[in-house]
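>>> here are the coordinates; sequence isn't available:
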């Protein structure tokens, strides 16, 4: 009887957790104009806090001076990133119409090569709206600029979080969260920067238009686990196809070399640096991308991995949710967890 009551209580608890998760998801969706900049500010604060600690430890600077230098450095980097992104999306928006025309010319040449009546091919293509490509590119630039428009609010949050952060007295859970998230962000920032530079330079040397834009997208999309690298590799494909006077060898290299760079960074270099810092199963990471992408869009996919890692750490501290944390790490019931190796 007692065992039956215990089982019913666990079922009730699971149902309540599911209802609570759904309610929280709806609330996060409606509150995203405020919550999204706030969560971004928390991640930026963790990154900048590491710089403050380094200045205090190695340069022996007082905390207020280290904070001042860090805020100034963050403002300069944010301004440079904003200028780079603005220039890139402006170039992308200005080129949208010309690439729509180039694609139409390419389709006409393809139709002329077919040994059938061109009307057979033209009729299916007529269902595609006239400004499809231009609309997609302009929609992408609008989404990016909407995110940049929230940069001021993010910087305000970062400033207050830095000023109000306690330099001492951290709990065990808070310390573990900060260590894992800082390692993840530092590794992603390092590998994403190298990936963006290598991809941009490669496309520029091959004579691909918008090489700077695609290098920037490779940097940004690398923060999205698994899917980001695939999207960044295939993103230049339409531009490669419509670029005139581009040899087949250059066209193949424009996809193959960035793909090899993404593969090497994501599967060889990044795991060596990061190790098992997040301790999340790949399926859990993929599901988190879908869920947070539905709630907060493309930025939610960028934040999916660190947010899920924080939730896992919190679940580990509660008895009733500890099995959920084990599942998130890929530790099935009845199997011994693989010990984490430090690299």
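Structure's in. What do you need? Predicted, not measured: the structure shown is a model, and the values here were computed from it.
>>> if I look at residue 2, how far off is residue 184?
43 Å (CB to CB, to the nearest Å). Bear in mind the C-beta positions are built from the backbone N, C-alpha and C, glycine included.
>>> and for residue 270?
10 Å.
>>> with residue 30 instead?
Taking CB to CB, one finds residue 30 at 28 Å from residue 184.
>>> same question, residue 43
In this view, residue 43 and residue 184 are 9 Å apart by CB to CB.
>>> which neighbours do the two share?
The overlap between the contact sets of residue 43 and residue 184 (CB atoms under 8 Å, 6 or more residues apart in numbering) consists of residue 306.
>>> ok, now which ones touch residue 10?
residue 320.
>>> repeat the analysis, applying 10 Å as the threshold.
Listed by CB atoms under 10 Å, 6 or more residues apart in numbering, the contact set of residue 10 reads 320, 323.
>>> where's it, which helix or strand?
Assigned by DSSP states H and E, residue 10 belongs to helix 2-30.
>>> could I get the buried residue list for stretch 229-238?
For stretch 229-238, the neighbour count (16 or more other CB atoms under 10 Å) marks 229, 232, 233, 235, 236, 238 as buried.
>>> so where's the stretch 51-200 of the chain shaky on pLDDT?
Confidence mapping of the stretch 51-200 of the chain against pLDDT under 70 gives the ranges 88-89, 92-93, 95-104, 106-149, 165-170.
>>> quick one: the helices in it, in order.
Along the stretch 51-200 of the chain, counting by DSSP state H, counting those that start in this stretch, helices occupy 63-94, 96-113, 118-125, 132-149, 151-164, 172-205.
>>> run the chain-centre distance for the helix or strand following the last one.
When you say that, I think you mean helix 172-205. Remark: after helix 172-205, the chain's next helix or strand is helix 211-221, criterion DSSP H and E. From the chain centre to the centre of helix 211-221 is a distance of 12 Å (CA atoms, centre = their mean, to the nearest Å).
>>> taking helix 63-94 as reference, get the angle to helix 211-221.
Orientation of helix 211-221 against helix 63-94 (axes from the mean of the first three to the mean of the last three CA atoms, to 10 degrees) gives an angle of 130 degrees.
>>> next SSE downstream of helix 211-221?
Using DSSP H and E, the first helix or strand after helix 211-221 is helix 227-234.
>>> excluding its backbone neighbours, what's nearest residue 223?
Among residues not flanking residue 223 along the chain, residue 302 sits closest, at 4.5 Å (CB to CB, 6 or more residues apart in numbering).
>>> quick one: stretch 64-76 to chain centroid distance?
25 Å.
>>> which residues sit against it?
44-45, 47-57, 59-62, 155, 158-159, 162-163, 165.
>>> can you rerun that using 7 Å?
Residues from elsewhere that reach stretch 64-76, judged by CB atoms under 7 Å, 6 or more residues apart in numbering: 48, 51, 52, 55, 56, 158, 159, 162.
>>> out of those residues, give me the one that has the most neighbours.
Most neighbours among the contacts of stretch 64-76, by other CB atoms under 10 Å: residue 158, with 25 neighbours.
>>> residue 13: how many residues sit nearby?
12.
>>> again with residue 250
Each residue near residue 250 was counted by other CB under 10 Å, and the total is 16.
>>> how close does it get to residue 13?
60 Å.
>>> just to revisit the earlier point, among residue 2 and residue 184, which residue is more densely surrounded?
residue 184 (19 against 6).
>>> might one say that the more buried one is in contact with residue 308?
No. Using CB atoms under 7 Å, residue 184 is not in contact with residue 308, being 10.9 Å away.
>>> quick one, domains of the protein?
Recorded structural domains for the chain (assignment: automatic domain parsing) are 21-165, 173-273, 278-334.
>>> any chance of the contacts of stretch 64-76 in a markdown table, plus distance to residue 282?
Output for those, formatted as a markdown table (distance: CB to CB, whole Å):
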| residue | distance to residue 282 |
| --- | --- |
| 48 | 30 |
| 51 | 31 |
| 52 | 34 |
| 55 | 37 |
| 56 | 37 |
| 158 | 31 |
| 159 | 37 |
| 162 | 34 |
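>>> closest one of those to residue 94?
When the contacts of stretch 64-76 are compared for distance to residue 94 (CB to CB), residue 158 wins out at 32.0 Å.
>>> that closest one and residue 38: what is the separation?
10 Å.
>>> next, show the common contact partners of the two.
With CB under 7 Å, 6+ apart, residue 158 and residue 38 have no common neighbours.
>>> for residue 22, the count of nearby residues, please.
Residues near residue 22, counting by other CB under 10 Å: 10.
>>> show me the contacts for it.
If you count contacts by CB under 7 Å, 6+ apart, residue 22 has none.
>>> correct me, but the residue nearest to residue 223 touches residue 222?
No. Between residue 302 and residue 222 there is no contact under CB under 7 Å: 9.7 Å.
>>> what's the distance between residue 255 and residue 206?
Residue 255 sits 10 Å away from residue 206, taking CB to CB as the criterion.
>>> which one of those two has more residues nearby?
residue 206 (21 against 16).
>>> residue 253 is in contact with the more buried one, correct?
Yes. Judged on CB under 7 Å, residue 206 makes contact with residue 253 at a distance of 5.9 Å.
>>> and the residue nearest to residue 223, helix, strand or coil?
Reducing the assignment at residue 302 to three states with DSSP: H, G, I helix; E, B strand; the rest coil gives helix.
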